[in-house]
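# Build me a structure from this.
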Amino acid sequence: MTYRIMASRHSAFYSPLLYSIQLLKEEGHQASYSVLGAGQRSYVLLREGQVDIMQSAVSSNWNPRERGVEPLPVHFAQINQRDGFFLAGRQADDAFEWKHLEGRTLLADHGLQPLVMLKYAVRHNGANWDKIQVVDAGTPEQMEAAFRAGKGDYVHLQAPIVTGAVVASVGAAVPPVAFSSLCCTREYQKTPRYREFLKVYERAREWVRSAPAEEVAAAESSFFPGIPSESLTDAIRRYHSLGCWGGGLEIPRPLYEQALTVFQSARAIAWRHRYEEVVG
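This next block holds a predicted model:
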């Protein structure tokens, strides 16, 4: 069988999906992997049959639905139930508090969900978002380069973190949430390829969740050329300790509702979207 798999971002945060691709190949399937490019829309690629399975988030359906876009993907499996972003500073700070961000410059990821979650974390932990100088430095790679060049006091990135010193986890600072998931078309769900993928993904997710961080990092090292093994291992260890890959395949309704609450708090959606419209 052939699988065309795409991620909205490339990160160790999505290790269950990356290891699934590895397993598919080991079992004799053809599996391609790519990352969503600038200007591309996941629902368009899925609808037009250019991609079979996409790493995304339940929140990716909400704004298109409010614009009347149809059909939209169905989200069928959980990847992460915690936010996977971290704050890195210029130096280690064991006494970090979120109010330390006030009056400082923060290079923040301006993707819709990461930014909404960050705002929620700031306010949830007693800091004033309006007192932070928030900068859009571009892509994660551009953000890292800008921070290394001396711009900003803090930077907001997914692991592996290869610049600065991690001072806080956004995921640890807010409740569990339906953060990232897998989606496809409803037609694809009816195919043997979908059922086979789901079995492989379930095995991969369980192994990534329970295996030592060093083994997970070694198994997916080919996806991260140029990243030191110790940095990749550290990323896996951080996500293990956060419990990002806890739970089963299903996207729990309470975590979906928490994601809605976060987006409503930022006025990023017009109404609360029914679970059954997005998850299946």
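
# contacts, neighbours, all on C-alpha from now
Noted.

# Identify all contacting residues around stretch 147-164.
Applying Cα atoms under 8 Å, 6 or more residues apart in numbering, the contact partners of stretch 147-164 are 11-13, 84-91, 101, 104-109, 140, 143-144, 146, 231-232, 234-235.

# The same query, at a cut-off of 7 Å, please.
11-13, 84-91, 104-109, 140, 144, 231-232, 235 (Cα atoms under 7 Å, 6 or more residues apart in numbering).

# In ChimeraX, how would I select the buried members of these?
To isolate the buried ones among the contacts of stretch 147-164 in ChimeraX, judged by 16 or more other Cα atoms under 10 Å, type:
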select :11,12,13,84,85,86,87,88,89,90,105,106,107,108,109,140,144,232,235
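
# Could you identify the helix or strand that succeeds the helix ranked longest in the chain?
Once the chain is assigned using DSSP state H, the helix that runs over the most residues is helix 192-210. Next along the chain after helix 192-210, taking DSSP states H and E as the criterion, comes helix 213-219.

# For that next one, buried residues please.
So, applying 16+ other Cα under 10 Å, buried residues of helix 213-219: 213, 216, 217.

# For the most centrally placed residue in the chain, give the beta-bridge partners.
For the chain, the residue sitting closest to the mean C-alpha position, by Cα atoms, centre = their mean, is residue 180 at 5.0 Å. In this structure, residue 180 has beta-bridge partners residue 80, where bridges are defined by DSSP bridges.

# Double-check it against residue 75; I have them as touching.
No - taking contacts as Cα atoms under 7 Å, residue 180 lies outside contact range of residue 75: 9.5 Å.

# Beyond the helix or strand where residue 22 lies, next helix or strand please.
Under the criterion of DSSP H and E, residue 22 resides in helix 15-26. Stepping forward along the backbone from helix 15-26, the first helix or strand reached (DSSP H and E) is strand 30-35.

# Okay, now the sheet partners of that following strand, with direction.
Paired strands of strand 30-35, defined by DSSP bridges, are strand 2-7 (parallel).

# Quick one: residues in contact with the strand it pairs with.
Around strand 2-7, the neighbours that count as contacts under Cα under 7 Å, 6+ apart are 29-36, 51-56.

# Of those, keep whichever come out buried.
Neighbour-count burial within the contacts of strand 2-7 applies to 31, 36, 51, 52, 53, 54, 55, 56; the criterion is 16+ other Cα under 10 Å.

# excluding its backbone neighbours, what's nearest the first one?
The shortest distance from residue 31 to any non-neighbouring residue, by Cα to Cα, 6 or more residues apart in numbering, is to residue 3 (4.6 Å).

# per-residue confidence at the one you found?
On the pLDDT scale, residue 3 is placed at 98.

# what does residue 121 give?
pLDDT, read off for residue 121, is 98.

# Surely it touches residue 174?
Yes - under the contact definition of Cα under 7 Å, residue 121 touches residue 174, with a separation of 5.8 Å.

# give the contact list for residue 173.
Taking Cα under 7 Å, 6+ apart as the contact definition, residue 173 lies against residue 121.

# can you give me the helices for the stretch 101-250 of the chain?
112-124, 140-148, 170-173, 192-210, 213-219, 229-242 (DSSP state H, counting those that start in this stretch).

# Is it correct that residue 279 is in contact with residue 76?
Yes - using Cα under 7 Å, residue 279 and residue 76 qualify as a contacting pair, with a distance of 6.0 Å.

# So residue 179 is in contact with residue 83, correct?
Yes - under the criterion of Cα under 7 Å, residue 179 lies in contact with residue 83, with a separation of 6.0 Å.

# Run through the residues that contact residue 75.
Going by Cα under 7 Å, 6+ apart, the list of residues near residue 75 reads 58, 181, 182, 183, 184, 278, 279, 280.

# try 10 Å this time
With contacts defined as Cα atoms under 10 Å, 6 or more residues apart in numbering, the neighbours of residue 75 are 53-58, 60-61, 180-186, 250-251, 276-280.

# Quickly note the distance from it to residue 53.
Counting by Cα to Cα, to the nearest Å, the separation of residue 75 from residue 53 is 10 Å.
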